[in-house]
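A.B. asks: okay, structure incoming, though there's no sequence with it:
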């Protein structure tokens, strides 16, 4: 059995894959040299932060911020809309299942910071950085 932290990370990755089935979803990987035709989403494990500790019974509750980078697919004339087509379904999936299938107590996303990103391709793509915040509890900070 894996840790609560790893279960949360796998749950967020599965959420991203379901929300953007045509995008390439990576975990803890660098940016691609070229944008994927369906877009690219990179999940970084981020920081679980300091837990809130309950003593009886002993329970560590984390508010873990998973960093997410979203690179829209190539398209010079409508790159803002193409990025929205990736971001909106992520929000919809979160609203549909705020517990990641029972892994978390609560899940929410922060507002995205957007900007143009230039990779090796000639035209920029629209990118966004956001956090997916997952609240989960465990009886041991290592599990």
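C.D. replies: That came through, no problem. As the structure is a prediction and not an experimental result, all values here were calculated from the model.
A.B. asks: okay, the residue sitting nearest the centre point of the chain: pLDDT?
C.D. replies: Using CA atoms, centre = their mean, the residue of the chain that lies closest to the mean C-alpha position is residue 68, 4.2 Å off. For residue 68, the pLDDT comes out at 98.
A.B. asks: swap in the one 4 residues further on?
C.D. replies: Residue 72 is assigned a predicted lDDT (pLDDT) of 91.
A.B. asks: tell me the contacts of it?
C.D. replies: Residues in contact with residue 72 (CB atoms under 8 Å, 6 or more residues apart in numbering) are 35, 39, 79, 82-83, 85-86, 125-127. For the C-beta atoms, the positions are set from N, CA and C on the backbone; glycine is no exception.
A.B. asks: ok, now with 10 Å
C.D. replies: 23, 35-36, 38-40, 78-87, 114, 116-117, 124-128 (CB atoms under 10 Å, 6 or more residues apart in numbering).
A.B. asks: now residue 81
C.D. replies: Contacts of residue 81 (CB under 10 Å, 6+ apart): 72, 75, 126.
A.B. asks: number of nearby residues for the residue lying closest to the first one once chain neighbours are set aside?
C.D. replies: Leaving out its chain neighbours, the residue that sits closest to residue 72 by CB to CB, 6 or more residues apart in numbering is residue 83, at 3.8 Å. Burial measure for residue 83: 22 neighbouring residues, criterion other CB atoms under 10 Å.
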